[in-house]
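Asker: Return atomic coordinates for the entry below.
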Amino acid sequence: MAVKVLIPTPLQKLTGGKDSIEAEPGRIIDIINALDKNYPGLAERLCQDGKIRRFINVYVNEEDVRFLQGEETLVKDGDEVSIVPAIAGGRD
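Answerer: Numbering: from 1, shown residues only. Have a look, this model is predicted:
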């Protein structure tokens, strides 16, 4: 079994329109880097200097990795990873 990674609409142009892709289990940062090999440009949009960008939220089974072990969070077979870009804006 693999890890299911849910891709937000703005990043689907990098995945050929796929809204989810599969990855091998491991640390979240390793998963992102491995996916970048098949979907170039993905890692640079999600990470900077080996850290997940502040405006990108990553969840493992609905748990924010910031409240787990951050980029070192281990993801196992059958887990689901959600990538959610932060949304800002509105009226004052």
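Asker: Any idea how far stretch 63-73 is from the middle of the chain?
Answerer: The chain centre lies 11 Å from the centre of stretch 63-73; the measure is CA atoms, centre = their mean, to the nearest Å.
Asker: quick one: contacts of it?
Answerer: Outside stretch 63-73, the residues that touch it by CB atoms under 8 Å, 6 or more residues apart in numbering are 27-29, 47, 50-52, 57-60. Placement of C-beta: from N, CA and C, glycine included.
Asker: if we go to 10 Å?
Answerer: With CB atoms under 10 Å, 6 or more residues apart in numbering as the test, stretch 63-73 has contacts from 26-32, 47, 50-52, 54, 57-61, 74-75, 79, 81-82, 84.
Asker: Low-confidence ranges, this protein, go.
Answerer: Across the chain, residues meeting the criterion (pLDDT under 70) sit at 88-92.
Asker: the longest helix in it is where?
Answerer: Longest helix of the chain, by residue count under DSSP state H: helix 28-38.
Asker: Tell me the buried residues in it?
Answerer: Using 16 or more other CB atoms under 10 Å as the test for burial, helix 28-38 gives 28-33, 35-36.
Asker: So which residues of this protein form strands?
Answerer: With DSSP state E, the ranges of strands along the chain come out as 3-6, 20-23, 26-27, 47-48, 51-52, 56-60, 63-64, 74-75, 80-85.
Asker: Ok, which of the ones you listed comes nearest Gly41?
Answerer: For the strands of the chain, the distance to Gly41 is smallest for strand 47-48, at 11.6 Å, taking CB to CB.
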